[in-house]
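S.K.: Structure here, sequence nowhere to be found:
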Ligand SMILES: [Zn+2]
């Protein structure tokens, strides 16, 4: 099975990337223009494989077009560059809503009481194989590649977390590579954001990351790709760790900030 999968991927990556798809990437994914030429080619290869392997589904009255599929897959592929990857192996479907959508909220407090309700969402990631995205927010976030928010990076970072076992129910997991001070740095940085958020201090990282280790990882990934120079300045250890994990150095992409 694994051999066949690899063979299929190799074949796909040798085919020419369809020019209309390339035009979509060039138009909707500003990151593409920041990447060195070699990385651009790798990005298109990954995009092609994701498009072949993942199922897209429209919800709330939206029809899934090539524009949607290619834009989402290309953004998700940025997180795969330079790494040995199995293309988000737990993910099978990507569900697209036209805009913010109403999600079901379910929270347990310490006494086991469940609060249910509805809330507006721009995206979510399920461990069982689905990512949900608001197309409007995908485009808006992609248009501003330097504000620290990118719903595709955020939700696909949750998938990577699940795959690489970076966080678990009890916090950051120790086994994730690169090994040595990895877990300590995550814990220290997470506690710092929590303390700053509780004290009402302004934070460089999105305070939403104080919710849980999993959200902290997703928020840190957004900052790593969207505001790399700032992250390197304010959180050098965190930046260094993500640079090792992703084998990329977005601060060197040369966008001057
Ligand atoms: Zn999240």
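M.R.: Received the coordinates, thanks. Everything quoted here is computed from the prediction, not taken from an experiment.

S.K.: Every contact and neighbour count from this point should use C-alpha atoms.
M.R.: Fine.

S.K.: in the protein, which spans are strands?
M.R.: In the chain, the strands defined using DSSP state E lie at 55-58, 93-97, 101-108, 114-121, 123-126, 130-134, 167-168, 171-172.

S.K.: So which of these has the densest surroundings on average?
M.R.: For these, the largest average neighbour count (mean count of other CA atoms under 10 Å) is found in strand 130-134, namely a mean of 23.

S.K.: returning to that earlier point: I'd like to know which of the strands of the chain is closest to residue 203.
M.R.: Among the strands of the chain, the nearest to residue 203 by CA to CA is strand 171-172 (21.0 Å).

S.K.: Given that closest one, what are its sheet partners and their directions?
M.R.: Using DSSP bridges, the strands paired with strand 171-172 are strand 167-168 (antiparallel).

S.K.: From the chain's centroid, how far away is the strand it pairs with?
M.R.: Relative to its chain's centre, strand 167-168 lies at 16 Å (CA atoms, centre = their mean, to the nearest Å).

S.K.: next one: stretch 40-49
M.R.: Computed by CA atoms, centre = their mean, the separation of stretch 40-49 from the middle of its chain amounts to 16 Å.

S.K.: any weak-confidence spans in this structure?
M.R.: Applying pLDDT under 70 to the chain flags the ranges 1, 107-110, 112-115, 175-180, 254-257.

S.K.: From residue 22, how far off is residue 73?
M.R.: Distance, residue 73 to residue 22, by CA to CA, to the nearest Å: 12 Å.

S.K.: Look at these two and report which has more neighbours.
M.R.: residue 73 (22 against 14; other CA atoms under 10 Å).

S.K.: what's the closest of the strands of the chain to residue 248?
M.R.: Closest to residue 248 of these is strand 167-168 (CA to CA; 21.1 Å).

S.K.: before we move on, back to that, just send the strands of the chain back as TSV, with distance to residue 191 too.
M.R.: Output for those, formatted as TSV (distance: least, CA to CA, whole Å):
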stretch	distance to residue 191
strand 55-58	37
strand 93-97	32
strand 101-108	22
strand 114-121	26
strand 123-126	24
strand 130-134	28
strand 167-168	14
strand 171-172	11
